[in-house]
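Enquirer: Provided below are the primary sequence and the corresponding predicted coordinates.
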Amino acid sequence: MTLQSLKQRIPKDLYNVLEKDGITHLRPAQRKAIKAGLLEGKNVLVCTPTASGKTLIAELASVSSIMERRGKCIYIVPLKSLATEKYNEFRKKYEGFFKVALSIGDIDSADPYLKDYDFIISTSEKVDSLIRHRADWLREIKTVVVDEIHLMNDPGRGPTLEILITLLRQLLKNVQILGLSATIGNPEELAEWLDAGLVIDYWRPVELKKGVYMDGEIEFTG
């Protein structure tokens, strides 16, 4: 599937940004996500290797929603450092098209200024705080991206993330949820819980080989 084939299905500005970024063909997981209803507002759970194109999957849905004025996006990541990285990436890429915000600070604030932003990148702890403080702008969210969603199985962060997703689904009746992960132990069960299409793919940009090193030589298996 080529980017050209999506020209009539995504906003013109988004298409131009992606084309300028050098994207000509979609990777396997991206094609599967589109077939699973990504551009129709369906929930999608993506389990693919690192660098296989998961971010673009989230980008296609969330940026389309923003540019078509259907609603905001909140992009949830587990670490402040990752949030900052994503913020810098999206702000640079979409400067002049919509406003990108980073919300990782005071967990005792509703951050009312965020109502003026379209694409909000935050940690799960901060989003939990925003919900508890009843931030009015949360009701304008159309797309929720949960990066590293496999952390729901983490004893420390898992319960918070599970409750957070549950609350967002209750608060936002027509929200689209996109779960991203390189490894999920129970993808079918999680997809069912999210009422999501499941995308599993093993393609990666660099082939991964396994082998045993001994006496200065590597014997590859498989």
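Expert: That came in fine, so what should we check first? Numbering: from 1, shown residues only.

Enquirer: Buried residues of stretch 110-125, list them for me.
Expert: Neighbour counts over stretch 110-125 (16 or more other Cβ atoms under 10 Å) mark A110, D111, L114, Y117, D118, F119, I120, I121, S122, T123, S124, E125 as buried. (C-beta placed from N, C-alpha, C; glycine too.)

Enquirer: from the chain's centre, how far out does it sit?
Expert: Counting by Cα atoms, centre = their mean, to the nearest Å, stretch 110-125 is centred 15 Å from the centre of its parent chain.

Enquirer: What lies in contact with that stretch?
Expert: 62-63, 66, 72-80, 83, 86-87, 90, 94, 98-105, 107, 130, 133-137, 140, 157, 160-161, 164 (Cβ atoms under 8 Å, 6 or more residues apart in numbering).

Enquirer: For that stretch, give the mean pLDDT please.
Expert: For stretch 110-125, mean pLDDT is 92.

Enquirer: Please apply the same query to stretch 11-29.
Expert: 96.

Enquirer: re earlier: so which of the buried residues of stretch 110-125 are in strands?
Expert: F119, I120, I121, S122, T123 (DSSP state E).

Enquirer: What residues does the residue positioned nearest the centre of the chain make contact with?
Expert: Taking Cα atoms, centre = their mean, the centroid of the chain lies closest to V145, which sits 3.7 Å from it. Residues near V145 by Cβ under 8 Å, 6+ apart: A58, S62, C73, I74, Y75, I76, L178, L180.

Enquirer: Let me have those residues in TSV, adding secondary structure, distance to I10 and pLDDT as columns.
Expert: Formatted as TSV, those follow (DSSP: H, G, I helix; E, B strand; the rest coil; distance: Cβ to Cβ, whole Å; pLDDT from 0 to 100):
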residue	secondary structure	distance to I10	pLDDT
A58	helix	13	96
S62	helix	11	97
C73	strand	14	97
I74	strand	20	97
Y75	strand	18	97
I76	strand	23	96
L178	strand	15	97
L180	strand	19	96
